[in-house]
Each structure stands twice: as C-alpha cells, then as structure tokens.
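> no sequence for this one, just the structure:
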C-alpha cells in the first residue's frame, strides 16, 4: 500500500490495487507457509471454497443493491 501512496493513485483504483495485493499476499502465505501447495486437492477445496463462495455472494448482493438503488431512483424521484 505504500507504493500506491508513493505513486499517488487515488480513488477506486487505489482500493482495488490494495485489495488485490492483499489477497495475493494471503494466497502466497497460505500456499507456501501453510504447506497448502503439497496437500491433497480435497483439503485445498475444503479450505478455499467457502471464502470464495462468500465472495461470489457478496458480488451478487452488491449487483442486486445497485439494481435496487437504480430502480428506486428511477421510479421514486
């Protein structure tokens, strides 16, 4: 995140870069230091699929919220 501040990236781009880099860092930590790279695929799926499912649900809820907000703005103003 310091590099993002150094290059003076602002707004949504800044936060997208920070979140993507944090997720990449977490993935590296899980795969190497927790030895997930060498585990059975079933165990990897059991650990990684629930957070991915939550992420998909959050994206779907954000899309629905955006649609609802747009419909309310269209019909109630």
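It's in. Note that the structure is a prediction, hence the values are computed from the model and not measured.

> out of everything not next to it in sequence, what's closest to residue 47?
Spatial nearest neighbour of residue 47, chain neighbours left out: residue 36 (7.1 Å); criterion: CB to CB, 6 or more residues apart in numbering. Backbone N, C-alpha and C define where each C-beta goes, glycine included.

> neighbours around the one you found, how many?
Counted by other CB atoms under 10 Å, the residues lying close to residue 36 total 15.

> then residue 22?
11.

> SS state for it?
Three-state assignment for residue 22 (DSSP: H, G, I helix; E, B strand; the rest coil): helix.

> same thing with the one 4 residues further on?
Using three-state DSSP, the three-state assignment for residue 26 comes out as helix.

> how close does residue 43 sit to residue 51?
As judged by CB to CB, to the nearest Å, residue 43 and residue 51 stand 15 Å apart.

> one more: residue 68?
For residue 68 relative to residue 51 (CB to CB), the value is 26 Å.

> what do you get for residue 69?
Separation of residue 69 from residue 51 (CB to CB): 27 Å.

> so how far does stretch 30-49 reach from one end to the other?
End-to-end distance for stretch 30-49: 14 Å, by CA to CA, to the nearest Å.

> pLDDT on it, on average?
Mean per-residue pLDDT for stretch 30-49: 79.

> enumerate the positions of it that are buried.
Neighbour counts over stretch 30-49 (16 or more other CB atoms under 10 Å) mark no residue as buried.

> in the helix ranked longest in the chain, what counts as buried?
Looking across the chain with DSSP state H, the single longest helix is helix 41-76. Of all the residues in helix 41-76, not one is buried under the rule 16+ other CB under 10 Å.

> domain boundaries for the protein, per the record?
1-38, 40-77 (automatic domain parsing).

> and residue 40, backbone torsions?
Main-chain torsions, residue 40, degrees, to the nearest 10: phi -70, psi 150.
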